[in-house]
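K.L.:
okay, structure incoming, though there's no sequence with it:
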Ligand code: HEM
């Protein structure tokens, strides 16, 4: 059971980091593509990836909680690194919500340039927090 949940933990982590990194790299094209082309492009891709991203982060957090519930000793085994990881997990979740809220605002036409920029910035915070959480997880359990 534990191994199955750990597989889900890794697979959802892969999905989340993959999407996050892809959006980051696409965001770097901002200066090279005219805004009237760039914004709808990012909007379309953001919308296309929305459900996969939500599923990824939900499964990641649920499988993480599942690991701890199945094997309670993991919290003590992970020690301070594990608690530090949880702080960045919270960072990922909050930043992800900010991304989704701002993408939805941009889609509704509520000041799309500002909402789009906020979504991109929050996406970078989510990616950096996820990378940090991953590093801390390896320090805790590796
Ligand atoms: C952004 C969210 C998360 C990321 C990026 C993440 C990342 C990782 C990574 C990379 C590992 C493997 C570490 C290793 O085996 O060396 C791991 C393991 C683990 N994670 Fe997470 N995790 C996240 C959320 C959570 C949450 C919310 C919990 C629990 C409440 C959790 C609990 C665990 C546990 C118990 C392990 C140990 C698995 C093992 O090695 O047997 N994780 N996590």
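P.N.:
Ah, there it is. Just so we're clear, the structure is a prediction, and the values are computed from it rather than from any experiment. Numbers count the residues shown, from 1 in each chain.
K.L.:
mind checking how far the residue of the chain found nearest the ligand is from residue 72?
P.N.:
Residue of the chain nearest the ligand, by CB to the nearest ligand atom: residue 64 (2.2 Å). For the C-beta atoms, the positions are set from N, CA and C on the backbone; glycine is no exception. To residue 72, residue 64 is 13 Å away according to CB to CB, to the nearest Å.
K.L.:
who has more neighbours, those two?
P.N.:
residue 64 (22 against 10; other CB atoms under 10 Å).
K.L.:
not counting its neighbours along the chain, what's nearest that one?
P.N.:
residue 9 (6.1 Å; CB to CB, 6 or more residues apart in numbering).
K.L.:
okay, now the one you found: neighbour count?
P.N.:
Residue 9 has 19 nearby residues by other CB under 10 Å.
K.L.:
what's the answer for residue 125, then?
P.N.:
With other CB under 10 Å as criterion, residue 125 counts 16.
K.L.:
can you list the buried residues in the helix or strand encompassing residue 69?
P.N.:
Using DSSP states H and E, residue 69 maps to helix 35-70. Counting neighbours by 16 or more other CB atoms under 10 Å, one finds that the buried residues in helix 35-70 are 38-39, 42-43, 46, 49-50, 53, 56-57, 59-61, 63-64, 66-67.
K.L.:
just checking, what packs against the next helix or strand after it?
P.N.:
Using DSSP H and E, the helix or strand that directly follows helix 35-70 along the chain is helix 73-107. Packing partners of helix 73-107 (3 or more CB pairs under 8 Å, 6 or more residues apart in numbering; DSSP states H and E): helix 35-70, helix 112-141.
K.L.:
what residues does this structure put near the ligand?
P.N.:
Listed as neighbours of the ligand in the chain under the rule CB under 6 Å from any ligand atom: 6, 9, 13, 60-61, 64-65, 67-68, 74, 89, 92, 130, 133-134, 137-138, 141-142.
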